[in-house]
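Peer 1: Fold the following, please.
(chains A and B)
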Amino acid sequence: MIIHHPLLGPRDSAEFVYLGAAALMDRPDPETASADDWHDYAYLRDNPAGPHRELWFHEGGDRSILIVTRDTTTHEITDVALARPAGAQI
Amino acid sequence: MTQTNRLDGGQIDRDATLSFTFDGKTYAGHPGDTLASALLANNVRLMGRSFKYHRPRGPLTAGSEEPNALVELRSGARQEPNTRATTAELFDGLSAKSQNRWPSLAFDAMAINDRLSNFLTAGFYYKTFMWPAAFWEKLYEPIIRKAAGLGSLSMQADPDAYDKGFRHCDLLIIGAGPAGLSAALTAARAGKHVILADEDFRMGGRLNAETFAIADMAAADWAAQIIAELCTMPNVRLMPRTTVIGAFDHGIYGAVERISDHLAIPPAGKPRQILWRVNAQQCLLCAGATERPIAFENNDRPGIMLAASMRAYANRWATTPARRVAIFTNNDDGHRTAQDLHAKGVKIAAVIDTRPDAQRSHDYEVLQGAQVKDTKGRLGLTFVEVAQADGSSRTVECGALGVSGGWNPNVHLTCHQRGRPTWDDGLAAFVPGGTLPPGMTVAGAANGALSTHGALQSGRDAARKALGLKGRAPAVPKAEDAPVNQSPFWYVQGCSRAWLDQQNDVTVKDVKLSHQEGFRSVEHLKRYTTLGMATDQGKTSNMGGLAIMAELAGKSIHEVGTTIFRPPYTPMAIGALAGRMRGKEFHPTRLTPSHFWAKERGAVFVEVGNWLRAQWFPLPGETHWRQSVDREVTATRASVGVCDCTTLGKIDVQGSDAATFLNKIYCNGFAKLAVGKTRYGLMLREDGIAMDDGTAGRLAEDQFVVTTTTANAAKVYQHMEFVRQCLMPDADVQLISTTEAWAQYAVAGPNSRRLLQKIVDADHDISNEGFPFMGCANITVCGGLRARLFRISFSGELAFEIAVPSRYGDALMRRLMVEGEEFDVTPYGTEALGVMRIEKGHAAGNELNGTTTALNLGMGRMVSKAKDSIGSKLSERPGLNQADALMQVGLRPINADHKVTAGGHLMNATGPVDAAHDQGYVTSAAYSPALGCMIGLGFLKDGGNRLRERLRLVSPVTDLTVEVVVVSAHFIDPEGERVRA
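Peer 2: Numbering: from 1, shown residues only, chains lettered A, B, ... in the order given. Coordinates of the predicted model:
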């Protein structure tokens, strides 16, 4: 696969490490979350046949974590964004 | 040495003669020959035995779709089974052996299977070897394994190298036949970057096999002229001998280039093959078409081949399988073969055409409305029995029969992303379907344009469209443009032992039986009968099977559909997939800066992840590793030892929010850590399980140095980046891995300070007062070399870790050895390190094993309630905090001579020994020189309250039962006086 890095352009997926669903970014608020919220966050993942937002870590590159929207049935990538607005950099 | 079946003309170099052997016999051929063409020229039709019935077989085709002529090519370590003689390029000294026969190709004992064919029908194995179940492993499987398999491996390591590489282009063209050449020329003249790949060693595709003209030139000459022009263009890369094996995501194509397979051995420094990863903006599939056979009784004898292949042998390779041949066809293409062979002086015994209105010829007899009923000839064709239109029978004498049932477009690569081909009624064949891999276009015969003119035009147009070229299209040269008249004709009525799949010995009868037994899906048919499996993947056989299945089910072929096409397009060497990653190069080997020093000292190394670490340093006279390890431990505890700990992960954390960040990733607090201090930190996963541990030293208000375990260095860094970028995107914190930047050594033992004082520059006070336990500082050593010093201890002794820039690591180690002579300094390896940390009760990878919590590790109170950290919430789950939770304990044998083994389980002193009564398990064990016996660390239910209790340590696997007593995990210096000395 080719992932279009917002800062670095098209990069081969071999440069990346897959880190799981982008839902991992929505960590429950420790002040208010219930036990169920924590359970769902730690253990439950959607497994869609279709668009899936997921995290790809550019380990062999600039170390940015990207939020990639990939169709799991065709591998078509429709959107790529930086998880942190500035990427790995300051 | 006489090539009795060699004809005139052809694209072979008659000025040079190549000598080769087949089954030990020597023959001659010419450059340009394949093994199959050279054997046919030498009047050898019999080249192999079939898989199941061991029927004598010759080549069916002249290309990569070949099911029959599979040989073991080369000898020794380079022996390669199941190589297609039809694509193996001849070289001087080539040696090949036939397969699947014993004792010889002409007389094969296993041919008895052919007589037993009534029993060996579809599903024979499934039906026969069902029961008794106990027979399977001991009896059935060994018998089947012995009989099964095609060809044999050399059982030696592959001596050749394989490479991998990347290529990029605007347009990848797959196949260099008329469509591919036309497309390449169009794209190249427009200035686009073009890669033209073809599996053949001679580009041109069918043009090399035909006699008709293009632009008033012989087709092969026209092809050669175009290729010569393309060769001169810097924007074109021609890749002959290159098979595009698959169409992958986002315009990536896999291509295997055979660099040296046409040579006896690869030239020095050259790989045998290269697997290319081609990134193509656009791809044009011009893979051509494969002729399909017609099934009739005994249609598999050597000498029976596809008519267009017979024509290719005559025109390109100047050879014929026999001097007297017949043709069996249902279309005009078969007549073309008859005309070409006749022109070359081969006697055409008859053209048997299924059509009552077939064209007649002045040159040979055409039997209109006739069909081949049966054939004769044990090791090669001698006669065919023809059923004539009037119902009479006729015997035709011939040594070869060309069969033509029409053409199937090569749609394989269009289906690699789950696309399905569609049935074209006009063509009576599958053509590329609606959903192609993105960026792919299909042209030429692969897209159903079966005439030469059609292919040239479609190649040009497809290239223009794919590249968005504007303006007037260049004219295509004048070429053959015969109308295509294909109609379905799959098998001769009434036949039974008529082969559909010659490689797997699947007959018309097998497909009918499979239908009778209820296998109605094409995928089931494939698995039950093995139709379309093995090295040729049914390139010549699938259509016939599908057609018969459709007929029996009363469906159209379109409704029946095809099985799924998957990469690779043709078989490839596993070596090409591995590339350079074999043996020791499977993963990189990382060496520490002191590696060569350690090697000089005779160290024994151990692999830790990718690293090589010194395990122990044997001295002369030491014959057992325990002698070395015990000595290293004792010497360190008595005076001073040095251990390379460069491999620990080091992560530099900087920024005004660095402390806040560490507070998040470690379960214990870091916000209040003073500058110049180091703290042990435990990292949890979000589910509350311990992930990794290490230390973090605060070198400045906004700078920490975090260490991780060797094994988890990459994983922890990933985790930290996730927390930083995904959970704390606004924090001012930066990370960088500096593992390779610093060489780091543990200097441990009561004399460690005295040793270090000899190299640390005088302006740095490292006395106990000036640099107390858990201190850290930027210092200089050896007269100004920058270094980092940490007063931390894994061994339980007074100890330091000193880090210098990697390039000084070797020098520092040597300096420590010299300066330490007066203290009898001892280098120690990972074994001694392990012994000392077990004696001290420090957890390591064995304890942080992915199932244990801070509580289990005896660090439950470290999990701060005053702040939120990763894993802190879920570590509070009741399930992880039960009253009898496992707790880390120390274990000593009652009898000092007894062994303690890691992995053993703990049971109460009395009572049953079974899983239901399990009390815990041992994670680490070592012989402790300090205590004079083996000791262990382990997890025990409610271990904190069971000190001095006697237990049994059992290991049913090794039949071990040892009485042990529960003790503190801190076997030595439980008060920690030494580390603070």
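Peer 1: what residues does chain B put near chain A?
Peer 2: Counting by Cβ under 8 Å from any Cβ of the partner chain, chain B comes close to chain A at B:166, B:249-252, B:277, B:279, B:417, B:438, B:686-687, B:714, B:718, B:721-722, B:724-727, B:729, B:734-735, B:868, B:872-874, B:877. C-beta here means a position set from N, CA and C on the backbone, and glycine is covered the same way.
Peer 1: How about the contacts made by B:Phe201?
Peer 2: Applying Cβ atoms under 8 Å, 6 or more residues apart in numbering or on different chains to B:Phe201 gives the contacts B:89, B:240-241, B:262.
Peer 1: between those residues, which is closest to A:Ala33?
Peer 2: Nearest to A:Ala33 among these: B:Arg241, at 61.5 Å, using Cβ to Cβ.
Peer 1: Buried residues in stretch B:588-597, which are they?
Peer 2: Within stretch B:588-597, the residues that qualify as buried are B:590, B:592-595, B:597, counting by 16 or more other Cβ atoms under 10 Å in any protein chain shown.
Peer 1: Next: stretch B:694-701.
Peer 2: B:694-699.
Peer 1: Which ones among those residues lie within strands?
Peer 2: B:694-699 (DSSP state E).
Peer 1: Any chance of these in CSV with pLDDT as columns?
Peer 2: As requested, these are arranged in CSV below (pLDDT from 0 to 100):
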residue, pLDDT
B:Gly694, 96
B:Thr695, 97
B:Ala696, 98
B:Gly697, 98
B:Arg698, 98
B:Leu699, 98
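Peer 1: and the residue nearest to B:Arg272 when sequence neighbours are not counted, what pLDDT?
Peer 2: Closest residue in space to B:Arg272, ignoring its immediate chain neighbours: B:Asp160 at 3.8 Å, by Cβ to Cβ, 6 or more residues apart in numbering or on different chains. For B:Asp160, the model assigns a pLDDT of 96.
Peer 1: Tell me if I am right that B:Asp160 is in a strand.
Peer 2: No - according to DSSP: H, G, I helix; E, B strand; the rest coil, the state of B:Asp160 is coil, so it is not within a strand.
Peer 1: neighbours around residue 83, how many?
Peer 2: Picked chain A for this. 24 (other Cβ atoms under 10 Å in any protein chain shown).
Peer 1: switch to chain B, that's the one I care about
Peer 2: 22.
Peer 1: What is the helix or strand where it lies packed up against?
Peer 2: Using DSSP states H and E, B:Thr83 sits in strand B:80-84. With contacts defined as 3 or more Cβ pairs under 8 Å, 6 or more residues apart in numbering or on different chains; DSSP states H and E, strand B:80-84 has these neighbours: strand B:70-73.
Peer 1: sorry, back to before: so which of the buried residues of stretch B:694-701 is the closest to B:Leu94?
Peer 2: Comparing those against B:Leu94 with Cβ to Cβ places B:Gly694 closest, at 60.0 Å.
Peer 1: Report the residue spans of chain B with pLDDT below the cut-off.
Peer 2: Counting by pLDDT under 70, chain B contains low-confidence residues at B:1, B:124-137, B:140-149.
Peer 1: Can you tell me the centre-most residue of it?
Peer 2: The geometric centre of chain B, computed from its C-alpha atoms, lies nearest to B:Leu577 (Cα atoms, centre = their mean), at 4.8 Å.
Peer 1: tell me the contacts of that residue?
Peer 2: For B:Leu577, the contacting residues are B:Leu275, by Cβ under 8 Å, 6+ apart.
Peer 1: gap between it and B:Gln537?
Peer 2: Separation of B:Leu577 from B:Gln537 (Cβ to Cβ, to the nearest Å): 17 Å.
Peer 1: B:Asn208 now?
Peer 2: Going from B:Asn208 to B:Gln537 by Cβ to Cβ gives 24 Å.
Peer 1: More neighbours: which of the two?
Peer 2: Neighbours were tallied for B:Asn208 and for B:Gln537 using other Cβ under 10 Å; the higher tally belongs to B:Asn208 (23 against 20).
Peer 1: how about residue 20, phi and psi?
Peer 2: Looking at chain A here, since you left the chain open. Geometry field for A:Gly20 lists phi and psi as phi 110, psi -170, criterion degrees, to the nearest 10.
Peer 1: Let me rephrase: I mean chain B.
Peer 2: B:Phe20 has phi and psi values of phi -150, psi 160 when expressed as degrees, to the nearest 10.
Peer 1: Quick check: nearest residue in space to it, chain neighbours excluded?
Peer 2: The shortest distance from B:Phe20 to any residue that is not its chain neighbour, by Cβ to Cβ, 6+ apart, is 4.0 Å, and that residue is B:Leu94.
Peer 1: Surely the one you found and B:Ile265 touch.
Peer 2: No - the pair B:Leu94 / B:Ile265 is not scored as a contact, 11.6 Å apart, by Cβ atoms under 8 Å.
Peer 1: Among the two, which residue is more densely surrounded?
Peer 2: Each of B:Leu94 and B:Ile265 has its neighbours counted (other Cβ under 10 Å); B:Leu94 has more, 23 against 14.
Peer 1: Distance check, the more buried one against chain A.
Peer 2: When Cβ to the nearest Cβ, to the nearest Å is applied, the distance between B:Leu94 and chain A equals 37 Å.
Peer 1: Specify which member of the buried residues of stretch B:694-701 is nearest to chain A.
Peer 2: Using Cβ to the nearest Cβ, B:Leu699 is the member of these that lies nearest chain A, at 19.1 Å.
Peer 1: sorry, back to before: buried ones among the residues of chain B next to chain A?
Peer 2: Neighbour-count burial (16+ other Cβ under 10 Å) is assigned, among the residues of chain B next to chain A, to B:249-252, B:277, B:279, B:417, B:686-687, B:714, B:718, B:721-722, B:724-727, B:734-735, B:872-874.
Peer 1: Please identify the residues of chain A in proximity to chain B?
Peer 2: If contacts are counted using Cβ under 8 Å from any Cβ, the residues of chain A sitting beside chain B are A:1-2, A:12, A:17, A:19, A:24-25, A:27-28, A:30, A:33, A:35, A:38, A:41-43, A:55, A:57, A:59, A:63-65, A:74-77, A:83-85, A:87-88, A:90.
Peer 1: sorry, back to before: tabulate the buried residues of stretch B:694-701 (a markdown table), appending distance to B:Asp884.
Peer 2: Output for the buried residues of stretch B:694-701, formatted as a markdown table (distance: Cβ to Cβ, whole Å):
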| residue | distance to B:Asp884 |
| --- | --- |
| B:Gly694 | 30 |
| B:Thr695 | 32 |
| B:Ala696 | 33 |
| B:Gly697 | 37 |
| B:Arg698 | 39 |
| B:Leu699 | 43 |
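Peer 1: The residue minimising distance to the centre of chain A bridge partners, please.
Peer 2: Nearest to the mean C-alpha position of chain A, by Cα atoms, centre = their mean, lies A:Leu55 at 1.6 Å. Counting by DSSP bridges, A:Leu55 is bridged to A:Gly20, A:Ile67.
Peer 1: My understanding was that it contacts A:Leu24; is that so?
Peer 2: Yes - using Cβ under 8 Å, A:Leu55 and A:Leu24 qualify as a contacting pair, with a distance of 6.6 Å.
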